[in-house]
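Enquirer: Sequence first, predicted coordinates after that:
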Amino acid sequence: MLLREVEYAKPASVADALSLLAGNDGARALAGGQTLINVMKARAASPDVLVDLNGLDDLKGIELAGDGTLTIGAMTTYTELIESAEAKARPILAEVVGTIADVQVRNRGTVGGNVCANDPTNHLPPLMTAIGARFHIVGAGGDRDVSAEEFFLGVYMTAVGPGELLTKITIPAGKGDGFAAITLGVDGTCICNAAASMNGSLRVVLGCVDAVPVLLEPASADEDAVRDAVRAAGIDPPSDVHASAEYRLHLAEVLAVRAARQAEGRT
Amino acid sequence: MSSHFVTVTINGVEYEREVEARKLLIHFVRDDLDLTGSHIGCDTGNCGACSMIVDGTLVKSCMMLAVQADGATIETVEGLADGDQLSPLQQSFSEHHALQCGYCTPGMLMSATALLRENPSPSEDEIRKALQGNICRCTGYWNIFEAVKAVAK
């Protein structure tokens, strides 16, 4: 497919990337490209300038602090996360990322790209919300850290504004995590998913049912409590060729129960 | 128009060309360099017919710009055989009837090559997982798995 004409820049530093992004309204950051290049083919996105982040080592890598906090660079690929010794501190990360698409996509797709795309069917927005991730955003206006609840704003929209970049994600220590999904074929696109984390109180987060991940805080991981929490959320999931709204709502309950059970079992 | 000089080494041969930024790697390799072994199946990142190994990493070349490959060492299906001598994996595909129309085969071979390089003794599950990004509409996959298994150590 021939893309619309586009300029290309490969900055050598985060500062250069920010000035390129800020200097042109039509500029867009190119991470792994496993979403963006395809939506450009479909003309669903038509940036004037692609700012390729692939040369920026500052945005790569995974660090594990003494207190168990994980810091994941935004340009860390799924494969790098799966193979990371540090990331094993929070096993759910590699488990979930290992079910995204296929080897080729995991080799180029990035953690930052997944969350910044914020496709409602993506795996990481609900997971990152459940495990209490924080997102580090830099730009001309200064640096800031935001919670997942503040980061995911709408379909394809996040707190990363024009001229800004997500540089890293920090994840607190914990192990009582769960994830469940019904997908289009093994490791395919999610029809509905749910993430859960029980490190202290229980957080259950639904994906694919609203514009942003839906955070629930059931009183316990008991099936009835989790089902009640899903029902009380009053979600109105979309219908599409893969699932009716009614079926998605049913899946949301079932998957929330499975994810919560898995999380509880690992505490 | 945004053009860039790109130097790539493909199957040991260095190429230098001017490319538009919007050109996908698969189009650059097929149309500009006339290496038509890698195929375009879906052009949406699903089918894997365009799979190549770029700097040691298996990728779908329809989801990467040619300009992003500047300086890269690339392996495509044309590089597997040594003259008329098929690679063991290619020979095994032939012996196990692992292809019918052959359209997916370049991608299957590159994915299986990448797998065997990283894991010379894959289990059946590991073979299936490694070929998940490659779609075949003819064979039902069975003979492809058999062909890969036969060369696994």
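Expert: It's in. If you're wondering where the values come from, they're calculated on a predicted model, not measured in any experiment.
Enquirer: Which residue is the nearest non-sequential neighbour of the residue of the stretch 101-250 of chain A found nearest chain B?
Expert: Proximity of the stretch 101-250 of chain A to chain B (CB to the nearest CB) peaks at residue A:102, 2.8 Å away. C-beta: built from backbone N, CA, C; applies to glycine. Distances taken as CB to CB, 6 or more residues apart in numbering or on different chains put residue B:133 closest to residue A:102, at 2.8 Å, once the chain neighbours are dropped.
Enquirer: Can you name the residues that contact that neighbour?
Expert: By CB atoms under 8 Å, 6 or more residues apart in numbering or on different chains, the residues touching residue B:133 are A:101-105, B:48, B:51, B:60, B:111.
Enquirer: same check, this time on residue A:10
Expert: A:52, A:54-55.
Enquirer: just residue B:78 next, same as before
Expert: Contact partners of residue B:78, counting by CB under 8 Å, 6+ apart, are B:11, B:35, B:37.
Enquirer: most surrounded residue in those?
Expert: Taking other CB atoms under 10 Å in any protein chain shown to define a neighbour, the member of the contacts of residue B:78 with the most is residue B:35, carrying 20 neighbours.
Enquirer: Hmm, it is touching residue B:76, no?
Expert: Yes. With contact defined as CB atoms under 8 Å, residue B:35 reaches residue B:76; the gap is 5.8 Å.
Enquirer: Alongside chain B, which residues does the stretch 51-200 of chain A contribute?
Expert: For the stretch 51-200 of chain A, the residues found near chain B under the criterion CB under 8 Å from any CB of the partner chain are A:52, A:54, A:79, A:101-105, A:107-108, A:186-187.
Enquirer: Check which residues of the longest helix seen in chain A are buried.
Expert: Criterion DSSP state H: the longest helix present in chain A is helix A:245-265. For helix A:245-265, burial by neighbour count (16 or more other CB atoms under 10 Å in any protein chain shown) applies to A:248-249, A:251-264.
Enquirer: And the helices in chain B, which stretches?
Expert: Under DSSP H, chain B gives helices at B:25-27, B:88-95, B:105-118, B:124-130, B:142-151.
Enquirer: To residue A:238, which of those lies closest?
Expert: Smallest distance to residue A:238 across the helices of chain B (CB to CB): 30.3 Å, for helix B:124-130.
Enquirer: buried ones in that closest one?
Expert: Counting neighbours by 16+ other CB under 10 Å, the buried set in helix B:124-130 is B:127, B:129-130.
Enquirer: which ones among these come in contact with chain A?
Expert: Near chain A, by the rule CB under 8 Å from any CB, you find B:129-130 out of the buried residues of helix B:124-130.
Enquirer: ok, how many other residues are close to residue B:143?
Expert: 19.
Enquirer: so it makes contact with residue B:98?
Expert: Yes. At 4.5 Å, residue B:143 counts as touching residue B:98 under the criterion of CB under 8 Å.
Enquirer: Surely residue A:191 is within a strand?
Expert: Yes. Judged by DSSP: H, G, I helix; E, B strand; the rest coil, residue A:191 forms part of a strand.
Enquirer: about what we covered before: hey, what's in contact with both of residue B:35 and residue B:76?
Expert: Joint contacts of residue B:35 and residue B:76 (CB under 8 Å, 6+ apart) are B:10-11, B:29.
Enquirer: which of those residues lies closest to residue A:226?
Expert: residue B:29 (50.4 Å).
Enquirer: Ramachandran coordinates for the residue lying closest to that closest one once chain neighbours are set aside?
Expert: Leaving aside its sequence neighbours, residue B:29 sits nearest to residue B:35 (CB to CB, 6+ apart; 5.0 Å). Residue B:35 adopts backbone torsions of phi -100, psi 90, taken as degrees, to the nearest 10.
Enquirer: For chain B, which residue gets nearest to chain A?
Expert: For chain B, CB to the nearest CB, closest residue to chain A: residue B:133, 2.8 Å.
Enquirer: re earlier: could I get the helices of chain B as JSON lines with mean pLDDT and distance to residue A:162?
Expert: Shown next, in JSON lines, are these (pLDDT from 0 to 100; distance: least, CB to CB, whole Å):
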{"stretch": "helix B:25-27", "mean pLDDT": "98", "distance to residue A:162": "28"}
{"stretch": "helix B:88-95", "mean pLDDT": "98", "distance to residue A:162": "48"}
{"stretch": "helix B:105-118", "mean pLDDT": "98", "distance to residue A:162": "38"}
{"stretch": "helix B:124-130", "mean pLDDT": "97", "distance to residue A:162": "39"}
{"stretch": "helix B:142-151", "mean pLDDT": "98", "distance to residue A:162": "46"}
